[in-house]
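Novice: 3D model of this:
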Amino acid sequence: MGIAIVAALPREIVGLVGGTKPDREPLRRGVHLYRLPGATVVAAGMGGARVTLAVEAALRWAPVEMLLSAGLAGACSAEVRPGDVVEARTVVDARTGERYAANGGCTRGATLVTSEAIAGVREKARLAASYDADLVDMEAATVARLAMARGLAFRAIKGVSDAHDFEMESMSRFADRHGHFRTGAFALHTAVRPWRWGSAVRLGRNSNRALSRMHERLREVLKDAG
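Specialist: Next up, the predicted model:
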């Protein structure tokens, strides 16, 4: 089965693609596309517009039977912990209320809600109350919609970067116009605010652990598909 693994940020897939080099032509448009045996792995930035570019690039470069939304997500429930890897059973578009079923075969998977911006504590609580959300991201609903429109299978596997009570809202200011996270600007902003050092270290540690575990899960998916 040809699988396209679609993430937002290159750092979310670097541990999966190893030393593979991205294709040059998509890279000119800010699309990091890697070709692995049986899979295309792609990241083009955060949000619906950028993930649409990622999916379109993946579909141009290789036959695809499944779109798999991967990457980091925030917890909306206390039952979901930072560092966990969670597969969604249902994806909800918070903008339209549309629901999409995932094809992962899990009967007790999570509800993942896609928001238009990085969700802070208040927004996470609202999504939990409105949609019984377990997780929130910015891309999965777009991937699900594109999969449905093209008659492709769809899955969503996410690593959990932050807890339901971890404040993320101010992180939105560090996204550039291509949907990429400006790590240097965030580091400089944090460096002169010592009271935020602990939170930043915790976020980084949890994100790295979640990504490592997510990559293990994705390798299992590729192995089973191959």
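Novice: use CA for all of it now, contacts and neighbours both
Specialist: Noted.
Novice: output the contacting helices and strands for the top helix by length along the chain.
Specialist: Scanning the chain for the helix with the most residues, using DSSP state H, yields helix 197-225. Contact here means 3 or more C-alpha pairs under 8 Å, 6 or more residues apart in numbering; DSSP states H and E; on that basis helix 197-225 packs against helix 14-17, strand 66-75, strand 85-93, strand 153-162, helix 183-191.
Novice: tell me what the fourth one is packed against?
Specialist: In other words, strand 153-162. strand 66-75, strand 85-93, helix 140-149, helix 197-225.
Novice: so can I have CSV of the ones you listed showing mean neighbour count?
Specialist: Converted to CSV, the helices and strands packed on strand 153-162 look like this (neighbours: other C-alpha atoms under 10 Å):
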stretch, mean neighbour count
strand 66-75, 28
strand 85-93, 24
helix 140-149, 22
helix 197-225, 17
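Novice: among these, which is nearest residue 7?
Specialist: The minimum distance between residue 7 and these falls on strand 66-75, with 5.0 Å, by C-alpha to C-alpha.
Novice: just give me how far the closest one sits from the chain centre.
Specialist: Mean-position distance between strand 66-75 and its chain equals 4 Å (C-alpha atoms, centre = their mean, to the nearest Å).
Novice: now that strand and helix 140-149, what's the angle there?
Specialist: Orientation of strand 66-75 against helix 140-149 (axes from the mean of the first three to the mean of the last three C-alpha atoms, to 10 degrees) gives an angle of 160 degrees.
Novice: tilt between strand 66-75 and strand 153-162?
Specialist: If you take the same axes, to 10 degrees, strand 66-75 sits at 20 degrees to strand 153-162.
Novice: quick revisit: and the helices and strands packed on strand 153-162 as a markdown table, adding distance to residue 112 and mean pLDDT?
Specialist: Converted to a markdown table, the helices and strands packed on strand 153-162 look like this (distance: least, C-alpha to C-alpha, whole Å; pLDDT from 0 to 100):
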| stretch | distance to residue 112 | mean pLDDT |
| --- | --- | --- |
| strand 66-75 | 9 | 97 |
| strand 85-93 | 5 | 96 |
| helix 140-149 | 8 | 97 |
| helix 197-225 | 16 | 85 |
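Novice: what number of residues are in the vicinity of residue 61?
Specialist: 14 (other C-alpha atoms under 10 Å).
Novice: quick one: contacts for it?
Specialist: By C-alpha atoms under 8 Å, 6 or more residues apart in numbering, residue 61 lies in contact with nothing.
Novice: for it, give me the backbone phi and psi.
Specialist: Residue 61 adopts backbone torsions of phi -90, psi -20, taken as degrees, to the nearest 10.
Novice: contacting residues around the spatially most central residue of the chain?
Specialist: Residue closest to the average C-alpha location in the chain (C-alpha atoms, centre = their mean): residue 71, at 3.0 Å. By C-alpha under 8 Å, 6+ apart, the contact list for residue 71 reads 7-9, 12-13, 157-159, 211, 214.
Novice: redo that, cut-off 6 Å
Specialist: 7, 12, 158 (C-alpha atoms under 6 Å, 6 or more residues apart in numbering).
Novice: now, which of those sits nearest residue 43?
Specialist: residue 7 (4.8 Å).
Novice: with that, I have no additional questions.
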